[in-house]
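Visitor: could you work out the structure for the sequence below:
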Amino acid sequence: MLLRRSAKAEFIGGNKMLRIHFGDADLAAVRVAAAPNPLWEIATSLHRFQTRDGRWAYAGWLRTVRLRLREKGLERAFRTMLLPLFPRAAYFPDFLTPGRGVDGLAAGLEAILATCPRRVTDELARLDRTVGAPAWAARLASPEDRAELVRVLRAYHDVGIAPYEETIRSRFDAERTALGRGFLDGGVDGLLGGAGPSIRWRPPSLDVDVPPVDRELRLNGRGLTLVPTYFCWRTPTSLADPDLPPVLCYPVRRDAAALPPDHRLAAEPSVPLATLLGRTRAAALHAAAGGATTGEIARAAGVSAASASRHATALRDAGLITSNRHAATVLHTLTPTGASVLRAATSRP
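Guide: As a prediction, the model looks like this:
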């Protein structure tokens, strides 16, 4: 699948590229992950500690997590166990980011525990050849010793990921909505062409900026799963093992809006929300929950496009929605604040 000397990596600069070749069957099997994968979030968040690139975007998070690690007595495990296993370098083991993580942290950790010992040994040997592995890593072939790693991963998740799950999920959902809109408007071309500036769809291949070496990947009918990831910065990453289902982990766009974690909202804006914002702006906010263009807001609220644009501007100025150009239209989606307002207004005793 890949010539993976630099498989799971986030490198800065360079003109190297991963070219993913699609066949007809692959185009029908492109999908976007249904939920964030907490193991990918753990992996890429650990990379944020190992570089200054993009630090401004995560400065508050970095300060807070360092403090929490110290308070929880996790600094030593963080420094001696997690960082060596998740180097921001040419490679880190695939078994640490199982696909089952999309079903939640517990499912992902169970998959790590269930990994074949031979696979763990092989991947750790590759880590050692590529960037070096700690001497104790060989013990992870034993499920009993791997249980300690799982305990540390869960503790780190509680400190560094769980407190931010609403923001992560909101950004993920906004990205997924934008990709879905791209597919509805332009089919596979709109979906693959809208996954960010470092990913370019040039049929029948997808060119991805993943230095430091050029690589080729032929999907051979397996399709590709896109995994938008909050802590991934600038450069996408993927799996190293050619026998694993093809996955492309890539960064959510920083200007992507945040949608509510639960989209099961009332069919119409609630009376309290209409009283607070006015019927038209309440309808506009509700429409933005699923991602809406200015024209769609106008139809939902029963107003002209010019009026809808003014109401969207007011909601954006209030921090309740964000607006991003998508193809020839502007797509409005909720911010975390807007999602909270909408959830509170539509909740029931």
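Visitor: only C-alpha atoms from now on, for both contacts and neighbour counts.
Guide: Will do.
Visitor: and the strands in the stretch 101-250 of the chain?
Guide: 199-202, 205-208, 215-218, 224-229, 237-238, 247-251 (DSSP state E, counting those that start in this stretch).
Visitor: could I get these in CSV, plus columns for mean pLDDT, distance to residue 70 and mean neighbour count?
Guide: Output for the strands of the stretch 101-250 of the chain, formatted as CSV (pLDDT from 0 to 100; distance: least, C-alpha to C-alpha, whole Å; neighbours: other C-alpha atoms under 10 Å):
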stretch, mean pLDDT, distance to residue 70, mean neighbour count
strand 199-202, 91, 38, 18
strand 205-208, 92, 38, 20
strand 215-218, 86, 41, 18
strand 224-229, 95, 26, 24
strand 237-238, 88, 30, 25
strand 247-251, 93, 28, 21
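Visitor: save those as a markdown table, and put in distance to residue 137 too.
Guide: Shown next, in a markdown table, are those (distance: least, C-alpha to C-alpha, whole Å):
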| stretch | distance to residue 137 |
| --- | --- |
| strand 199-202 | 34 |
| strand 205-208 | 31 |
| strand 215-218 | 29 |
| strand 224-229 | 27 |
| strand 237-238 | 22 |
| strand 247-251 | 25 |
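Visitor: to residue 114, which of these lies closest?
Guide: Of all those, strand 247-251 sits nearest to residue 114, with 20.2 Å by C-alpha to C-alpha.
Visitor: between the closest one and strand 224-229, how many degrees?
Guide: Here strand 247-251 runs at an angle of 30 degrees relative to strand 224-229 (axes from the mean of the first three to the mean of the last three C-alpha atoms, to 10 degrees).
Visitor: adjacent strands (with direction) for strand 247-251?
Guide: strand 224-229 (parallel), strand 237-238 (antiparallel) (DSSP bridges).
Visitor: from the chain's centroid, how far away is the shortest one?
Guide: Averaging C-alpha coordinates over strand 237-238 and over its chain gives two centres that are 12 Å apart (C-alpha atoms, centre = their mean, to the nearest Å).
Visitor: OK, contacts around the residue most central in space within the chain?
Guide: In the chain, the residue lying closest to the centroid (C-alpha atoms, centre = their mean) is residue 229, at 1.7 Å. Going by C-alpha atoms under 8 Å, 6 or more residues apart in numbering, residue 229 touches 36, 37, 40, 41, 172, 249, 250, 251, 252.
Visitor: nearest residue to the fifth one other than its sequence neighbours?
Guide: With C-alpha to C-alpha, 6 or more residues apart in numbering as the measure, residue 228 is the residue that lies nearest to residue 172, at 6.1 Å, once sequence neighbours are left out.
Visitor: residues in a beta bridge with that neighbour, which ones?
Guide: As assigned using DSSP bridges, the partners bridged with residue 228 are residue 250.
Visitor: ok, now which ones touch it?
Guide: 33, 36, 172, 175, 176, 249, 250, 251, 252.
Visitor: just to revisit the earlier point, got TSV for the contacts of residue 229, with distance to residue 77 too?
Guide: Shown next, in TSV, are the contacts of residue 229 (distance: C-alpha to C-alpha, whole Å):
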residue	distance to residue 77
36	25
37	22
40	19
41	18
172	29
249	26
250	27
251	27
252	29
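Visitor: closest to residue 28 out of the strands paired with strand 247-251?
Guide: Per C-alpha to C-alpha, nearest to residue 28 of the strands paired with strand 247-251: strand 224-229, 9.6 Å.
Visitor: what's the end-to-end length of stretch 45-54?
Guide: By C-alpha to C-alpha, to the nearest Å, the extent of stretch 45-54 from end to end equals 12 Å.
Visitor: so what's residue 108 up against?
Guide: 38, 39, 97, 98, 99, 100, 101, 102.
Visitor: can you tell me how far the nearest residue to residue 124 once chain neighbours are set aside is from residue 122?
Guide: Counting by C-alpha to C-alpha, 6+ apart, residue 93 is the residue found nearest to residue 124 once chain neighbours are left out, at 6.5 Å. Separation of residue 93 from residue 122 (C-alpha to C-alpha): 9 Å.
Visitor: higher neighbour count, these two?
Guide: residue 93 (23 against 14; other C-alpha atoms under 10 Å).
Visitor: does that one really touch residue 125, like I thought?
Guide: No: taking contacts as C-alpha atoms under 8 Å, residue 93 lies outside contact range of residue 125: 9.4 Å.
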